[in-house]
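> My questions concern the predicted model and sequence given below.
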Amino acid sequence: MASATYNNVHSDGRQTARINIDVLVLTRITSIEQKMEQLKHNYTQSLMYIRCIENSSASECDQFLIQQCPERWVLNNNQCYFFSSVHETWERSQNICKSYEADLVIITDSTKQAFITKTIANDYFWIGLTDVEQENQWKWVDGSRLESRFWHCDQPDDAFGGEDCVFAGYIGPCTPEPGQVLNNWNDENCAHVQQFICEKKPSLVRMQLPL
């Protein structure tokens, strides 16, 4: 009996380690892809700026300024994103984003939801959606009402009452319908701690041409 118990534990431990390694590799691959995409974007903009400078004055070429995000932020589709490694309450998360001159992420279309879903890899991250002011009246942190919805198939459920804040990355017991693979939002008590995603506009940096 003791031997069988040991074998089961050993098998579970080995499976867990393999899953953790897979998640780590996926996270690294995603990070590399994001960095390559940013480098590709900057390189393209640089070439366009240089060609413009050759034929125009610098002031006429501002449309080719390079978008730049702070260190540890990710540039995607003209926005900068910060994916935290620490866990905070929803309110504390929003306050931290504010300190970065940002907000918790606002997701208004499937393109952004797909990017978020791919990046967080089924981990839980607060987003900027809440109905704390009025139950079932969901609003984003900028005051706009919820339009595009990516709720998991059994959510929101306000389980136990007081689930007024939303996180992405949820995988629940129900099976999403075909075509709803991006649906991973869940309502949660705002006092719970999760990782979080901040969002802000990138800085615009003028190309420094070589002498």
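Here it is on my side, so go on.
> CA only for contacts and neighbour counts going forward, please
OK.
> Do a quick rundown of the strands in the chain.
Secondary structure of the chain (DSSP state E): strands at 66-68, 74-76, 79-83, 103-104, 125-130, 139-140, 165-168, 185-188, 195-200, 203-205.
> Sheet-wise, list the partners of the fifth one with their directions.
Using DSSP bridges, strand 125-130 pairs in its sheet with strand 139-140 (antiparallel), strand 165-168 (antiparallel), strand 195-200 (parallel).
> hang on, the earlier thing: most packed of the strands of the chain?
Most buried of these by mean neighbour count (mean count of other CA atoms under 10 Å) is strand 125-130; its value is a mean of 27.
> could you give the angle of that strand to strand 79-83?
120 degrees (axes from the mean of the first three to the mean of the last three CA atoms, to 10 degrees).
> Would you state the helices of this structure in chain order?
For the chain, helices defined by DSSP state H occupy the ranges 2-55, 90-99, 110-120.
> which stretch in those is the model least sure about?
Ranked by mean pLDDT, those end with helix 2-55 at the bottom, a mean of 54.
> what's the residue lying closest to residue 151 once chain neighbours are set aside in contact with, if anything?
Nearest-residue entry for residue 151: residue 185, 4.4 Å, with adjacent residues in sequence omitted and distances by CA to CA, 6 or more residues apart in numbering. Neighbouring residues of residue 185 by CA atoms under 8 Å, 6 or more residues apart in numbering: 150, 151, 152, 155, 156, 166, 167, 168, 169, 170.
> tally of neighbours for residue 134?
A total of 10 residues lie near residue 134 under the criterion other CA atoms under 10 Å.
> ditto for the one 10 residues further on
By the other CA under 10 Å criterion, the neighbourhood of residue 144 contains 11 residues.
> Contacts for stretch 119-130, please.
23, 26-27, 30, 90, 93-94, 103-106, 138-141, 164-171, 194-197.
> Stretch 172-182 too?
Stretch 172-182 has contacts (CA under 8 Å, 6+ apart) with 110, 113, 114, 117, 150, 152, 153, 154, 183.
> how does it look with 7 Å?
With CA atoms under 7 Å, 6 or more residues apart in numbering as the test, stretch 172-182 has contacts from 113, 114, 117, 150, 153, 154.
> buried set for it?
Going by neighbour count (16 or more other CA atoms under 10 Å), the buried part of stretch 172-182 is 176, 182.
> Output stretch 69-79 as CSV - backbone C-alpha positions only.
C-alpha atoms of stretch 69-79 as CSV (Å, rounded to 0.1, in the frame of the first residue of the first chain):
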residue,chain,number,x,y,z
CYS,A,69,6.8,51.5,-24.4
PRO,A,70,8.5,51.5,-21.0
GLU,A,71,10.8,48.7,-20.1
ARG,A,72,8.8,45.4,-19.3
TRP,A,73,5.8,46.7,-21.2
VAL,A,74,4.6,45.1,-24.5
LEU,A,75,3.7,47.1,-27.6
ASN,A,76,0.7,45.7,-29.5
ASN,A,77,-1.6,47.4,-32.0
ASN,A,78,-0.6,50.9,-30.9
GLN,A,79,-1.0,50.3,-27.2
